[in-house]
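> have a look at this prediction, sequence included:
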Amino acid sequence: MLKDTQKEVDDLLQTFETPYWSPLSQFARLSEEVGEVARLLNHMYGDKPKKKEEAEQELGGELADVLFTVISIANAHNIDLDADFEKTLDKLRVRDKDRFKKKA
């Protein structure tokens, strides 16, 4: 599921002299990207209106930036996101199966 995407990101980043940033720089970038999602959602649904001079943003694009950054962090740490994402889904399927109200 994500293996091909992880490889595509790695192939692209390997063209740079320093393909992956240091862990703290990666975390800072992730924080920045998540902050952009938060800002956009606040503009869309919250109490903070967008300034007229601010550029238009699309939620899908901002979420893709977060995903790219997460994949970059996973690659830098040799993490198989397919395996770990499956574990996350299993938590919902098993541990939390009765935690949330289901549709009738």
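The structure has been received and is ready for your questions.

> is Lys50 within a helix or a strand, and which one?
For Lys50, there is no helix or strand it lies in under DSSP states H and E.

> can you check the one 10 residues further on too?
When secondary structure is defined using DSSP H and E, the element that contains Gly60 is helix 59-76.

> average pLDDT for that helix?
Computed over helix 59-76, the mean pLDDT rounds to 98.

> for that helix, buried residues please.
Across helix 59-76, burial judged by 16 or more other C-beta atoms under 10 Å covers Glu62, Asp65, Val66, Phe68, Thr69, Val70, Ile71, Ser72, Ile73, Ala74, Asn75, Ala76. (Each C-beta comes from the backbone N, C-alpha and C, glycine too.)

> point out where this protein drops to low pLDDT.
Within the chain, no stretch has pLDDT under 70.

> so where's the longest helix in the chain?
Ordering each helix of the chain by length in residues (DSSP state H) puts helix 23-45 first.

> now do it against helix 59-76, angle only.
For helix 23-45 against helix 59-76, the angle by axes from the mean of the first three to the mean of the last three C-alpha atoms, to 10 degrees is 160 degrees.

> neighbouring contacts of helix 23-45?
Contacts to helix 23-45, defined as C-beta atoms under 8 Å, 6 or more residues apart in numbering, come from residues 20-21, 48-50, 57, 59, 62-63, 65-66, 69-70, 72-73, 76.

> and the closest residue to Leu63 other than its chain neighbours, how far is that from Ala64?
For Leu63, ignoring the flanking residues on the chain, the nearest one in space by C-beta to C-beta, 6 or more residues apart in numbering is Val37 at 6.3 Å. From Val37 over to Ala64 the distance is 10 Å, taken as C-beta to C-beta, to the nearest Å.

> off-centre distance for the helix holding Gly60?
4 Å (C-alpha atoms, centre = their mean, to the nearest Å).

> and what of stretch 49-67?
Put simply, stretch 49-67 sits 14 Å off its chain's centre (C-alpha atoms, centre = their mean).

> rewinding a little: by contact count, what packs against the helix or strand following the helix holding Gly60?
Next along the chain after helix 59-76, taking DSSP H and E as the criterion, comes helix 81-90. In terms of contacts (3 or more C-beta pairs under 8 Å, 6 or more residues apart in numbering; DSSP states H and E), helix 81-90 is packed against helix 3-13, helix 59-76.
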